[in-house]
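Novice: coordinates for the following, if possible.
(one chain, ligands or ions: 1)
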Amino acid sequence: MNTYAVQIISSDGVFYYGRIKNLIVPATDGEVGVLPGHEEMILALREGILRYQDGEGEWYKAAIGRGTLQFANNRCTVVVDTAERPEDIDIHRAMEAKQRAEEKLRHRLSDREYRILQAALARALTRLKLTSQD
Ligand code: ATP
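Specialist: Numbering: from 1, shown residues only. Okay, the predicted model is just below:
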């Protein structure tokens, strides 16, 4: 049992489906690694970089939005708002989203508006971080 089945689903559809050896996700209180045979768990995910290692040992990265992860019976399901591979990220769009969020955050805001803009900023920063890594 050195792999397990994972499904990564975003609002756009199935992002990834396959057997993997390892998964590292951005959870609300830090990064969490998920190896085969992990005990049952449900995790809240925050905006950040998800990494997984396929059955061949190759690592892949994706920028994800908020969501949840469930692990049970050696199967993992990740459901997130958004997921993008580095090559699918439009850097210009992410830079514009970052600037837009930063500009609006300078104004007086309700708690709700503030939370929405912080989340938008976190998504943009994650996309930029993923595309600036080698
Ligand atoms: P924007 O303000 O540019 O729309 P956003 O963070 O509000 O950014 P989301 O609501 O997170 O966008 O995503 C909407 C859709 O657009 C999703 O399918 C997401 O994967 C995609 N997306 C958002 N930003 C980018 C980007 N910079 N490059 C590629 N795809 C993106």
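
Novice: biggest strand in this structure by residues?
Specialist: strand 13-27 (DSSP state E).

Novice: please enumerate the strands of this structure.
Specialist: Under DSSP E, the chain gives strands at 4-10, 13-27, 30-34, 41-45, 48-54, 59-64, 67-72, 75-80, 83-84.

Novice: which of those sits closest to the ligand?
Specialist: strand 83-84 (4.8 Å; C-beta to the nearest ligand atom). All C-beta atoms are positioned from the backbone trio N, CA, C, and that covers glycine.

Novice: skipping its backbone neighbours, what lies nearest residue 75 in space?
Specialist: residue 5 (4.9 Å; C-beta to C-beta, 6 or more residues apart in numbering).

Novice: check what pLDDT the residue nearest to residue 45 when sequence neighbours are not counted gets.
Specialist: Nearest residue to residue 45, sequence neighbours excluded (C-beta to C-beta, 6+ apart): residue 67, at 4.6 Å. Looking at residue 67, its pLDDT stands at 98.
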